[in-house]
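Student: Structure of the sequence below:
(3 chains)
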Amino acid sequence: MKLLTKMMHLQEQHGAVTDAVLREMSKAESVPLYRLEGLRGFYPVFRVTPGRRMRVQVCRDIVCMMKGGPQFCSKVKSVLAGVSGVEVEEVSCVGRCDTAPAATINEIPVSGSVETITAYATGEKPLPSNEPTATPRRWPTDPYSNAKDRYGALKKFLKPGDDRQRDEVIRILKEADLRGLGGAAFPTGMKWDLTRKASGAPKYVVCNADESEPGTFKDRVILEELPYLLIEAMVLAGWMIGAKQGIIYIRHEYAKERKALQQAIENDRRAGALGRNIFGSDVDFDLQIFVSPGGYILGEETALLEALEDKRGEPRNKPPFPVSHGLWGKPTLINNVETFAAIPIILERGAAWWAAQGKGNYKGLKYMCVSGDVAKPGVYCVPWGTTVDELLTLSGGITDGKALYAFSPGGASTNFLPASKRNTALDFKAMQEAGSGLGTGAMVFMAAGRDVLELAISEVKFFRNESCGKCVPCRVGSHKAVDLVEAALAGKPQPDLIPLLQELNSTLAQTSICGLGQVALAPLMSVIDHFPDDALPRLQGSAARSN
Amino acid sequence: MKAYLFEVVKSASGSAAVAQKNPQVKEIDSLCPYCGVGCALTIIVDQEKNRILYTRGRDGAANAQRLCVKGRYGFDYAMHEQRLTTPLIRKAGSYPKGPLSALAKESAGKHKPGGRVDYNEILPHFREAGWDEALDLVAARLKQIRDTHGGDALAGFGSAKGSNEEAYLFQKLVRAVFGTNNVDHCTRLCHASSVAALLEGIGSGAVTNVVRDVANADVAMVTGCNPTENHPVAATFIKDAAVNGTKLIVINPRRPQIADFAEMYLQPKPGSDVALYNGMMNVMIAEDLIDREFIAARVDGFDALTKVVAEYTPDRVAKLTGLPAEDIIRAGRLFGSAKAAMIFWGMGISQHTFGTDNARCLIALAMITGNVGRPGTGLHPLRGQNNVQGASDAGLIPMVYPDYQSVKDPKIQAKFEKYWGVKLSPKVGLTVTEIIGAALKGSIKGMYMLGENPFLSDPDINKVRKALSALEFLVVQDIFLTETAEFADVILPASSFMEKTGTYTNTDRRVQIGRPALKMPGAARQDWELICEIGNRMGYPMKYNSVEEVFDEFAACTNEYKTLSHRNLGAYGKWYPCADPATSEGERIVFGETFPSGKAKLVPAQVTEPDELPTEEYPFVLNTGRVLEHWHTGSMTRRSQALDTIEPEAFVEVHPHDAAGLGLHEGDWVDVKSRRGEITLKARVHDRTTPGSVFIPMHFREAAANVLTNPAIDPIGKIPTYKFCAVRLTKHV
Amino acid sequence: METTTGKLIKLTIDGKPALVPEGTSIWDAARNIGIDIPVLCHSPRMRPVGVCRMCVVDIGQRVMAASCVRPCEEGMNVDASSARVEKHRKMLALLLLSDYPQNSAREAKTGDDQLLALARKFAIGRIPLPDGAAEGARGSDMSSPVIAVDHQACILCDRCIRGCDELQHNNVITRTGKGYAARIAFDLNNPMGESTCVACGECMAVCPTGALTNKPVTNMRAAMGGQPD
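Tutor: The predicted model follows:
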């Protein structure tokens, strides 16, 4: 953390981490030059030379492409070309899909048409405030009706705080069947138990707040409006596994959310919920926020750990896993924001209550992000087991009275499904059986008339753009796949393209180090499988017509 | 679609492919000719063109396939067009003798003069001759001097780059045929003081633990040396250890790069070493960080040592060394509390008028803490030349026969008289430094020099120039015309490392075989054969059927080598001692039970002042040394394209404060003057050197550091004080 | 791989039994019983990193395992050589070859280009992927007097980085950039000849492809604009 934090500060001071700045830093920190170059070259935040006054970064990913049109980025670029003091670049999803098309200007999120965004950039329109909301909403997973009632779960379990209490918490979490809500769906109770039993010290608790998958913005809302739930859960985690230190790894694009979080941390320290002897117990635990220098791959838990260790954010080979060999090789508990935030209410009201919140046999409440061709994009907290169709209704239905054509239920890595699957329950297993996955709970609805092949390719491009480059299949394979498909769409399809893509997909899925490479081509393959009429003619050339 | 792939799929792979297309390309398992690490490598040579193509690291005991820039890219000197190819005899008109080439006083300006001896200036003074004429002349003249003035009027400088076989034959020639013990080699200029202290202290000058044993050390002291530049591959293993937890204590007035890996880096005032070590021992004894059991069982002289070091309190030492007292205490504690501590040292310890004292201190540090004879402990003077250990073992030393057997001992003398069938002299001979003085006086009249270039490597080379001119007869045997050869009466063209079979003993006591990859150019001949030719023509039969026979004769008269032979050394060699070569690699670690002298003898040292302190007229301390890319007098490396391209120029390294005071910037020309001479060279400004001190590498004849150096020597080791003399710097106008 | 407890592990590789100390990698275990799993980024002299994925084996899990970094487990059933595994290795080779330059300096100089050796082994004739080398886009660096850098031939195996770091501890080389644009760099992305490189040649010695090769040692000064010999 030390080197990256220092580099980010130096860039703020000097406008860039220039060679001169890094040479001095190399001497001051006694690290060889190549290490600093490795970091500077990897993380998108860093610049080699200072840029212009207004840095406009326009999102190029699926929802913004749907809402702004495929030429959105280039239109903004061409309008602002030649405007002095302004530079424009394309970036990956900034996590504001509910207000697509989105961009950031000097890290401040903005939304709107090309005209709106350029007006912000030229100074015609003053930039919006970047402060957290003054009026956070009440959410169903918040057990505390007002600030005075907070930390109930913490107070309950920390005193007496002995092993029986820990066993009890594990039992409750297992009974509640809470699973990792960052996409991996690993049983939370089991993860807490394993890390608790792992040997090694000191241990760490890490919150993965690096949500960066296109269509995903639920953690953003929780960070801004329910930070105290996250903090409470992390303290409990620290107590559970015997860690004194927690780190929240947050993406740099969530600046206002970070402010809310920072404020909550300070409040909690004052209230005695963080720091030494928490609420009079013998538990010491405190938190720090680490701001990511950028990149989707940092959401992969071992890449995240690499960044915390001041290295390039390249995923590690697993095994071993973070529960036994995490930060600095020590047992580390890593959970997603939403996963942590669910824990206080589960502990306050019990596993049975949690189970009852779900539909039928499903247990609990899920934060779903809804975006795309819907009237009311946003975050919805719904019972597990709600159907896709019910969610669509909740979010105002497809815009312009059109019909639903397809949906991507769980983020960029999940397969596109046709409208015929609209009655699938929002649940990991159910969605898997339907041929996709719930992933991060990022639902993108696509209306009839959408070019699903093009949308799927934009997801593949996202993975190609965000590949860390460490392993051959992902680094080269994702690039070649996009080249192959673009050649086909330009009218020059390769013979045997489909079987070739299938083989390529198989190799990426089987041999990539991490999840990014493993799923990089999945959206494209799902469109080939589920939407052959849309895909095959254009990929195989006029020779093929589906039969 | 890539067309070449069709061809690639069809053809064979790897070296098989190369062999298929190029059957004249061969791979020869050999060694690197440069430094004492003794890296094993493979030479890939086109035998048809007689050119080396490249080298590749082999898995030798010392290097594990690693190489440095010299071993990997510095092999082409052997193929240089300036190789001597015929015997040369000085023309009658080129007397009296003096240097024949300008030592480029006007080295200012862009033109780079005189990087090497200018053959166009030298060759006109010599005529080509046949071997018989040349060898007969050499034998006749040396014989004449011997018969007229006695054997002690002759002297020989052997080579620490030559093989053990050559070294053995050379000292045999000087002793059995010249009839004197005036035989020496460049260890005199290198570790003579270290070896003197070690022989005195424990009875053996060789290292106790191999370099790679540092992996087992908790603490390693790396003092008076710059291993990343001078023993690069050995340094990689020291760095390995540091990265894996070994704590390095690096001591050097000029910060070496290995200090980047150090737990502690100490930059004492130049010349204050004895005070620093006595200070550390003061702390260790006071805090009982010593091994009393070991001292009781294996060490003599502890009480006397304790008395002396008691005066070196941290505060007093702080004043003497310029280091903070708490650093001295911390260093003492760090070393003293280590379970296993190892000491590496180099020229910064040995090349002083108190070099022997410095080494005595290091020995004492190891002995009082019991850090000898176990893994991760020991004394390791890093040997510079690829075969300086072997050359010393083979007896190229005026005081001892092979295996350090004293020439003064009547029993030993009798043994060798019997072995060689001739009467020998019991008088200890003169060392390299003393021989130069004796030549000036006229008591040495004839010399045989093999693979040495004292003109550039000895201190005060203006004095050396006069001495060499004064000799009645000088025969120089070498592969290039060196500055020394300019003073020769006869020059004999010899074999390079790449052209001979021989054994070489590295710093680890590892004896390895070097093998020929090239054919000798022109009429050049094998060094070992030429030595025998001279002996034969002087009336003493020296007939061997092979180099292996020479080794066997050498090994048989020693304890350390007697179990070894070319056959059992094989491709990777052995460490000595090696009780059973059939089953063992030899001993990595020695003296676990006892020392060759029985118990270790501690000899306390008092700090003394360097011989020539800075004055107002000469206010800077001159430190000399080496750089990574070059080797000693540069006769090899300045003829290597890669090495000379990377580092083509002489320089003087000046601290930024001093540079500011002198109005100097990077790249400015500077005149550097001492009481002995003056040179002009470019400045490099860097803060690694101590303020008040400057550094000049020795390799560049156009700005020869040894024009300036002080010939004062250590009284016991007789080694010159290369690391300390006084100079003045002025910006060149 | 370091042995931790001294415990012995039993497993099968391609149907053959193997017994190894705990902590041994599958790749080492295979080599011990005579099964040579192809590698590019792995070298026994250095820490394994598992980035080229050529050594993948099927251990019956959801995805394949890189045998150079995967420790053996009791009862493991390793498929190191079936058609299923070979198919992926071939695809990985194709991916690398599609960006490989027309002429490998390593193959020309020393005949030991390991990527081309794999191409022969897999009998690769046709590469059905778009040619990334046509533009020669990734460039070359001839600034070092002794080592020629051809970025187009670099497969980002990290061997040079590990050689420079872990063997020689000269600490000069890093990866820079990200994704497909990643490449090796010296110091702060300086030309190799202007960096702190000390020309030890370890990077060149461990490089499996034509990315880092020896420049010819003779006539170098003339080539670099200095005075000829």
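
Student: what about the helices in chain C?
Tutor: Counting by DSSP state H, chain C has helices at residues C:26-32, C:83-98, C:105-109, C:114-121, C:159-162, C:202-206, C:220-223.

Student: Redo these as TSV? Include distance to B:Leu481.
Tutor: Yep, even glycine has a C-beta here, placed from its N, CA and C like the rest. Putting the helices of chain C into TSV (distance: least, Cβ to Cβ, whole Å) gives the following:
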stretch	distance to B:Leu481
helix C:26-32	53
helix C:83-98	52
helix C:105-109	33
helix C:114-121	45
helix C:159-162	40
helix C:202-206	34
helix C:220-223	21
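
Student: just so I know, which of these lies nearest B:Cys35?
Tutor: helix C:202-206 (16.8 Å; Cβ to Cβ).

Student: touching chain A at all, that closest one?
Tutor: No - using Cβ under 8 Å from any Cβ of the partner chain, helix C:202-206 stays clear of chain A, with a minimum separation of 12.1 Å.

Student: returning to that earlier point: could I get the helices of chain C as JSON lines with distance to A:Arg150 and mean pLDDT?
Tutor: As requested, the helices of chain C are arranged in JSON lines below (distance: least, Cβ to Cβ, whole Å; pLDDT from 0 to 100):
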{"stretch": "helix C:26-32", "distance to A:Arg150": "50", "mean pLDDT": "97"}
{"stretch": "helix C:83-98", "distance to A:Arg150": "52", "mean pLDDT": "96"}
{"stretch": "helix C:105-109", "distance to A:Arg150": "65", "mean pLDDT": "86"}
{"stretch": "helix C:114-121", "distance to A:Arg150": "60", "mean pLDDT": "94"}
{"stretch": "helix C:159-162", "distance to A:Arg150": "49", "mean pLDDT": "98"}
{"stretch": "helix C:202-206", "distance to A:Arg150": "57", "mean pLDDT": "97"}
{"stretch": "helix C:220-223", "distance to A:Arg150": "72", "mean pLDDT": "46"}
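
Student: and B:Asp658, which of these is closest to it?
Tutor: Per Cβ to Cβ, nearest to B:Asp658 of the helices of chain C: helix C:220-223, 33.0 Å.

Student: For the closest residue to B:Tyr401 other than its chain neighbours, the count of nearby residues, please.
Tutor: Spatial nearest neighbour of B:Tyr401, chain neighbours left out: B:Gly395 (4.8 Å); criterion: Cβ to Cβ, 6 or more residues apart in numbering or on different chains. Counted by other Cβ atoms under 10 Å in any protein chain shown, the residues lying close to B:Gly395 total 29.

Student: contacting residues for B:Arg188?
Tutor: B:431-433, B:718-719 (Cβ atoms under 8 Å, 6 or more residues apart in numbering or on different chains).

Student: quick one: which of these sit in helices?
Tutor: B:432-433.

Student: Please indicate which of the contacts of B:Arg188 are buried?
Tutor: B:431-433, B:718-719 (16 or more other Cβ atoms under 10 Å in any protein chain shown).

Student: Dead centre of chain C: give me the residue that sits there.
Tutor: Against the mean C-alpha coordinate of chain C, by Cα atoms, centre = their mean, the closest residue is C:Cys41 at 2.8 Å.

Student: on that earlier part again, correct me, but the residue nearest to B:Tyr401 touches B:Asn164?
Tutor: No - assessed by Cβ atoms under 8 Å, B:Gly395 is found out of contact with B:Asn164, at 10.2 Å.

Student: Could I get the helices of chain C in TSV, plus columns for mean neighbour count?
Tutor: Formatted as TSV, the helices of chain C follow (neighbours: other Cβ atoms under 10 Å in any protein chain shown):
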stretch	mean neighbour count
helix C:26-32	22
helix C:83-98	20
helix C:105-109	20
helix C:114-121	21
helix C:159-162	24
helix C:202-206	25
helix C:220-223	16
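
Student: Which positions within the regular element (helix or strand) spanning B:Phe551 qualify as buried?
Tutor: Secondary structure from DSSP states H and E places B:Phe551 in helix B:547-556. Going by neighbour count (16+ other Cβ under 10 Å), the buried part of helix B:547-556 is B:547-548, B:550-555.

Student: I'd like the mean pLDDT over it, please.
Tutor: Taken as a whole, helix B:547-556 has a mean pLDDT of 97.

Student: I'd like to know which elements that helix is packed against.
Tutor: helix B:164-172, helix B:566-569 (3 or more Cβ pairs under 8 Å, 6 or more residues apart in numbering or on different chains; DSSP states H and E).
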